[in-house]
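Student: heads up, no residue letters with this:
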DNA sequence: TTGTAAGCGTTATCAA
DNA sequence: TTGATAACGCTTACAA
């Protein structure tokens, strides 16, 4: 092992350029405040030495990091990918860096991640959904770190949100399903206990059914984690009931695609034997055969608007007002009238 | 706007517990070095005040961050998701935190991200592939930050790697394809100029074909960015040739699924009219109909081993020896003998 | 336009 | 077992 010199610091640059550290700092942060001749000299020294500013030191001295943290429940499937990408692009355009963490849909992990990101100096936080221990909100308050919620819209929650009404959207879809003549419904949902979006979507299903003259008691709901195989298993369970549903409403596209896979294995035709619907309109939804009927969520718009809102909260230090986006129904091949209708 | 007190610091805790900052620091970092009675008092103060350590200050003082950075070409599709997940799990188990950045397959962006992560105090870096300006390697050296390459294996590159031989794997697959009787090949590849894995995979195709007595001149190769729609377009282009291929070898599963989608639109049967193969064995590959023939990459194993190797490099400050993993071929529904064979 | 110097919140060395 | 105190590398009044 060879000896390695320590990385160059501001004062190395200052020495090499024959100026003070303050001048070097100015060259880097507000070049217009340094006369050109010195600036050139300094920048040359920076290049020569291969100097890179130490972020930790900068954060400590400046007391802001130009960093935004986002904690999403999962990065394993595409559920949050597109929105997050747009979020990140907008942040970047405004000079901020994004730090992403995943909570695996666990409240305790999310709290840990919140603490981690705050301790790393995040200037603001993007969180998903409103289900959360109030204590952690108090923590954010004492730490003076603004937070914004996305992927759901709720005007009178304790945090501002940029998102859509999951319940209303699902209700609209199920109303369409009812109009087609379906009377026996199966529901494959995400975990409702720890996931307000999943909960609201199931509520939307019941809203639609109760609003019609149908009997809500006949609806079978299976809860499971998001995952193609989980969707497949839940679907199999539903279809093995004495009176299987004619339509299976899935809490998201991942579950729905799992259901489709299992239908194939069971030699059940979709939509001839059973209809299937999803939620989110991931790329997956247009790849499967037939294409999946689902609810299109304006992911990119949500990401972009969330970024703008959060930056405003960070810079102006004011609470942002919530923004509601409008999903739209995408009727595709997996939905048709029930077999006997 | 209400007044917000600044977040509590170490010395706030020290004052509140009636000890020195050194003792508080010890309670947090090596509790066994503090007698129980004081420790209890200190921890109570920590809880009371809602104290969270300031990461930037800690990094500066300790001169290590227990943070590993990873820069992948994309987070938009699942190509790197599973491996990265395993990488992160192993890091976590060993007390490290993962910071992920995406380069969008651009060399300049990757350099920027490398600098960013180093400046943020990453103790080590995971990079994908070996294609990279030597200057940035020198930078890593002067900054004293070890780096490891994954998703490819190359024993005599300048950085150690944990991965597989893309060329050899693709060659094996194409040899199988040849054995089935195929003679007209189409290739849909990722960008070979900026992506050594894509390049090696194409080379593997030619290796197999040259090793047989076939004429390599008849192979049409189309390069495109990774994406379902790109795969679809490239496939359409290949199938509109005067003598279209009987098999389309795709550089990865995402492209292959795009090809399958387009085949359906063109009413081409897979595999009756044309065979299609992928690479990676993403979850996607088992969801499509028919299931995709592809090369299974041990993503999780790669992630775990990369984490262990990188941590060793960080802690022992020695270069790790490269590790080669073995992908395996997964023959599934999209591959069959050519129509006329 | 540039320099001086006081922090920023930790850790770590050295004494007590 | 604990406490002083000097770093760590940078930004930013304030002064020159």
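Tutor: Here it is on my side, so go on. Keep in mind that this is a model prediction, so the values were computed, not measured. Numbers count the residues shown, from 1 in each chain, chains lettered A, B, ... in the order given.

Student: CA only for contacts and neighbour counts going forward, please
Tutor: Will do.

Student: these two touch, right, residue A:78 and residue B:77?
Tutor: Yes: proximity of residue A:78 to residue B:77 meets the contact threshold set by Cα atoms under 8 Å, at 7.3 Å.

Student: just the strands in chain A please.
Tutor: Taking DSSP state E as the criterion, chain A contains strands spanning A:67-72, A:97-102, A:124-128, A:147-150, A:161-164, A:185-189, A:220-223, A:247-250, A:275-277, A:294-296, A:323-325, A:328-330.

Student: what's the least confident stretch among these?
Tutor: When mean pLDDT is averaged over each of the strands of chain A, strand A:97-102 scores lowest at a mean of 88.

Student: Distance across stretch A:93-111, terminal residue to terminal residue?
Tutor: Between the opening and closing residues of stretch A:93-111 lies a distance of 29 Å (Cα to Cα, to the nearest Å).

Student: Contacts for the worst-scoring helix or strand of chain A on mean pLDDT, please.
Tutor: Within chain A, confidence by mean pLDDT, DSSP states H and E is lowest for strand A:97-102 among all helices and strands, at a mean of 88. By Cα atoms under 8 Å, 6 or more residues apart in numbering or on different chains, the residues outside strand A:97-102 that reach it are A:66-75, A:88, A:91-92, A:110, A:113, A:117, B:99-100.

Student: Can you give the distance from it to the centre of its chain?
Tutor: 11 Å (Cα atoms, centre = their mean, to the nearest Å).

Student: could you give the angle of it to strand A:67-72?
Tutor: Following axes from the mean of the first three to the mean of the last three Cα atoms, to 10 degrees, one obtains 20 degrees for the angle between strand A:97-102 and strand A:67-72.

Student: Okay, now the sheet partners of strand A:97-102, with direction.
Tutor: Strand A:97-102 has these partner strands in its sheet, going by DSSP bridges: strand A:67-72 (parallel).

Student: hmm, the partner strand in reach of DNA strand D?
Tutor: No: residues of strand A:67-72 contacting DNA strand D under Cα under 7 Å from any atom of the strand: none, with a closest distance of 14.2 Å.

Student: residues in contact with that strand?
Tutor: Identification of contacts with strand A:67-72 by Cα under 8 Å, 6+ apart yields A:80, A:96-104, A:110, A:113-114, A:117, A:121-128.

Student: before we move on, what about stretch A:334-341?
Tutor: Outside stretch A:334-341, the residues within contact range by Cα under 8 Å, 6+ apart are A:177, A:180-182, A:246-247, A:270-277, A:290-293.

Student: I'd like to know which of those are buried.
Tutor: Among the contacts of stretch A:334-341, the ones that count as buried by 16 or more other Cα atoms under 10 Å in any protein chain shown are A:177, A:182, A:246-247, A:270-271, A:273-277, A:291-293.

Student: quick one on the thing from earlier: list the buried residues for the least confident helix or strand of chain A?
Tutor: Within strand A:97-102, the residues that count as buried by 16+ other Cα under 10 Å are A:97, A:98, A:99, A:100, A:101, A:102.

Student: Farthest pair within the residues you listed?
Tutor: With Cα to Cα as the measure, no two of the buried residues of strand A:97-102 lie farther apart than A:97 and A:102, at 16.8 Å.

Student: pretty sure residue A:128 contacts residue A:153?
Tutor: No: the pair residue A:128 / residue A:153 is not scored as a contact, 10.4 Å apart, by Cα under 8 Å.
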